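[1] Sequence first, predicted coordinates after that:
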Amino acid sequence: MNSKKIGRVTLIGLVCSILIMLSCALGPEPAAPTKAPATAAATQLQGWEADWQATLAAARREGNLSIYTASGGDIRVQIGKWFKDKFGLEIDWTPIPAAQTSPKVFRERQAGLYLADIQMGALSRQMGELKPAGALDPIKPLLILPEVLDKNVWYGGDIPWVDNDRAYTLNNILSPENRLAINTNLVKPGEIKGYRDLLDPRWKDRIILMHPVLNARPTAIMHTLLGPDFLRKLAEQRPVITDSPRLGFEWLAQGKYPVIVFGRMDELQEFVRAGAPVGKVVPQEGATLAGGQISLSMLNRAPHPNATKVFVNWWMGKELGVTLGKYLVLQSARLDVPTDHLPPDEMRDPALKYVIAESEDFQNEQAKIAVLAREIFGSLIK
């Protein structure tokens with residue numbers, strides 16, 4: 001091999017040696033960076049979930065929720081406990097008789113005060129006075145949980161809106177409404193099977209009737225089922241009229257009167273749980289579907305909007321539906337809430353057609369009946 005070839009080989013070998021040494025010094029070439037997979041948490045917190053988490057955080061900063069209500073004390077305590085256990089938020093309850101609901105709200109607003117987030121109960125006031133006055137904000141934009149928005153889980157195939165706009169007022173109970181109760185020590189089984197039995201002479205001066213004007217629901221139900229002539233005949237029985245549900249049930253439980261036409265399902269259940277000798281009658285003339293004093297609307301300029309949003313989504317969810325239905329012994333408007341805790345008379349019968357009392361149309365009719373009731377029962381109202 002000549003000297004030139006030897007030189008070239010030597011040079012190539014030297015270059016290769018240098019490259020090998022550099023490769024060893026620098027280490028292997030790093031792999032091209034790969035995109036880290038998205039975590040489950042990052043994927044989950046999209047859309048409604050991100051909205052829900054942000055709402056919960058904001059609600060906890062607000063700290064509490066203010067509710068004006070016509071509901072009884074027993075159910076208020078329970079709702080407040082369930083809500084606090086679930087979310088750590090307090091409910092400030094202001095109990096108000098139904099007739100005083102709207103006047104209180106309007107007086108406060110005239111003074112520039114917006115103190116309450118939700119009005120619960122006193123449905124006729126919500127529909128007949130607060131909504132027309134523009135005192136309500138729509139709840140519909142607050143509903144974000146899929147289990148609430150799924151129309152297939154609701155009786156009737158849609159969220160149980162009360163108002164005709166289907167946006168302002170919600171009701172999560174649609175249970176057969178039987179507004180007739182007896183003292184079981186004074187009335188034998190089968191003696192009172194429906195509203196028409198109240199016209200028997202033996203019950204004259206012995207019937208308690210909730211105020212037919214201030215609490216026109218029972219009167220409107222009887223009018224819907226039996227017409228105005230029945231109301232006139234009932235007035236001839238000279239019922240004892242009271243505007244206090246509590247007092248009415250105390251009279252019934254004490255045996256002062258044998259029968260009551262009442263307007264508060266929650267008050268009846270409170271006495272039943274206490275072991276009082278009271279029992280419900282399923283009127284043979286028919287029934288309506290309703291939820292007692294737990295329909296709710298959102299007052300506008302609510303001081304705790306995020307806590308309100310948490311409450312209304314929780315209120316319409318399955319978990320609360322199960323708890324509330326068992327406590328009230330009433331049937332949820334949700335079809336996915338079990339009914340095995342209910343007696344037959346508290347379950348909707350698919351073969352029957354019900355009048356839904358938790359509706360704006362029924363409330364408007366109820367307002368008209370209140371005028372008629374004043375005419376019919378006026379001489380008995382003190």
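    Done, it's in. Numbering: from 1, shown residues only.
[2] and the nearest residue to Ala302 once chain neighbours are set aside, what does it touch?
    Spatially, and ignoring its direct neighbours in sequence, Ala302 is nearest to Asp117 (4.1 Å; Cβ to Cβ, 6 or more residues apart in numbering). To be clear about C-beta, it is placed using only N, CA and C from the backbone, and glycine gets the same treatment. Each residue near Asp117 by Cβ atoms under 8 Å, 6 or more residues apart in numbering is listed here: Leu65, Ser66, Ile67, Met298, Leu299, Ala302, Pro303, His304, Pro305, Ala307, Thr308, Phe311.
[3] from those residues, which is closest to Tyr155?
    Relative to Tyr155, the closest of the contacts of Asp117 is Phe311; by Cβ to Cβ it sits at 21.7 Å.
[4] can you pull the pLDDT of the closest one?
    pLDDT, Phe311: 98.
[5] Let's verify it: helix, strand, or coil?
    Recorded secondary structure, Phe311: helix (DSSP: H, G, I helix; E, B strand; the rest coil).
[6] And for it, the neighbour number?
    Neighbour count for Phe311, taken as other Cβ atoms under 10 Å: 26.
[7] Just confirm it contacts Lys84, I think it does.
    No. The criterion here is Cβ atoms under 8 Å, and Phe311 misses it with Lys84 at 11.4 Å.
[8] got any residues that touch both of these two?
    Ile91.
[9] Go through the contacts of Asp117 and flag which are in helices.
    Using DSSP state H, Pro305, Ala307, Thr308, Phe311 are the members of the contacts of Asp117 that sit in helices.
[10] and the residue nearest to the third one when sequence neighbours are not counted, what pLDDT?
    Ranked by Cβ to Cβ, 6+ apart and with sequence neighbours excluded, the top spatial neighbour of Thr308 is Asp117, at 4.5 Å. In this model, Asp117 is scored at 98, pLDDT.
[11] any idea of the mean pLDDT in stretch 372-379?
    pLDDT averaged over stretch 372-379 gives 94.
[12] and what of stretch 192-207?
    97.
[13] what's the answer for stretch 70-85, then?
    Average pLDDT, stretch 70-85: 90.
[14] again, but for stretch 100-113
    Averaged over stretch 100-113, pLDDT sits at 95.
[15] List every C-alpha atom in it, with coordinates, as CSV.
    Presented in CSV, the C-alpha positions along stretch 100-113 are these (Å, rounded to 0.1, in the frame of the first residue of the first chain):
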residue,chain,number,x,y,z
GLN,A,100,-98.0,37.6,54.5
THR,A,101,-95.4,36.4,52.0
SER,A,102,-95.8,39.0,49.2
PRO,A,103,-96.4,42.0,51.5
LYS,A,104,-93.2,41.3,53.4
VAL,A,105,-91.2,41.0,50.2
PHE,A,106,-92.7,44.2,48.7
ARG,A,107,-92.2,46.2,51.9
GLU,A,108,-88.5,45.2,52.0
ARG,A,109,-88.0,46.2,48.3
GLN,A,110,-89.6,49.5,48.9
ALA,A,111,-86.9,50.0,51.5
GLY,A,112,-84.2,48.9,49.1
LEU,A,113,-83.7,45.6,50.9
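[16] could you pull out the strands for the stretch 1-150 of the chain?
    With DSSP state E, counting those that start in this stretch as the criterion, the stretch 1-150 of the chain has strands at 64-69, 90-95, 118-120, 136-137.
[17] separation between the residue nearest to Ala302 and Gly279?
    37 Å (Cβ to Cβ, to the nearest Å).
[18] Find the nearest non-adjacent residue to Glu108, please.
    Sequence neighbours aside, Leu115 is the residue nearest to Glu108 in space, at 5.9 Å (criterion: Cβ to Cβ, 6+ apart).
[19] Leaving out sequence neighbours, find the closest residue to Lys382.
    Of all residues not flanking Lys382 in the chain, Ile241 sits nearest, at 7.3 Å (Cβ to Cβ, 6+ apart).
[20] count of neighbours near that neighbour?
    The local packing of Ile241 (other Cβ under 10 Å) involves 20 other residues.
[21] what's it sitting at in phi/psi?
    Backbone torsions for Ile241, taken as degrees, to the nearest 10, come to phi -100, psi 130.
[22] What residues are recorded as beta-bridge partners of it?
    Beta bridges link Ile241 to Leu209, judged by DSSP bridges.
[23] That one: what's it in contact with?
    Leu209, Met210, His211, Pro212, Phe377, Leu380, Ile381, Lys382.
[24] So how do I select the buried members of those residues in PyMOL?
    Command for PyMOL that selects the buried part of those, burial taken from 16 or more other Cβ atoms under 10 Å:
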select buried, resi 209+210+211+212+377
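[25] Tell me, please, where in the chain the pLDDT is lower than the cut-off.
    For the chain, the stretches flagged by pLDDT under 70 are 1-45, 264-265, 292.
[26] domain assignment for it?
    Listed by automatic domain parsing, the domain ranges of the chain are 46-173+292-345, 179-286+367-380.
[27] Distance to Val355 added to those, as JSON lines?
    As requested, the domains of the chain are exported to JSON lines (distance: least, Cβ to Cβ, whole Å):
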{"stretch": "domain 46-173+292-345", "distance to Val355": "13"}
{"stretch": "domain 179-286+367-380", "distance to Val355": "6"}
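[28] For Glu360, which of those domains is the nearest?
    domain 46-173+292-345 (4.7 Å).
[29] Next, the distance between the ends of the closest one.
    44 Å (Cα to Cα, to the nearest Å).
[30] Now for Phe271, how many residues are close by?
    With other Cβ under 10 Å as criterion, Phe271 counts 18.
[31] could you check the distance from Ile159 over to Asn172?
    Taken as Cβ to Cβ, the span from Ile159 to Asn172 is 10 Å.
[32] okay, these two: which has more neighbours?
    Between Ile159 and Asn172, counted using other Cβ under 10 Å, Asn172 has the larger neighbour count: 25 against 21.
[33] The more buried one and Leu65, how far apart?
    Here the criterion is Cβ to Cβ. By it, Asn172 lies 17 Å from Leu65.
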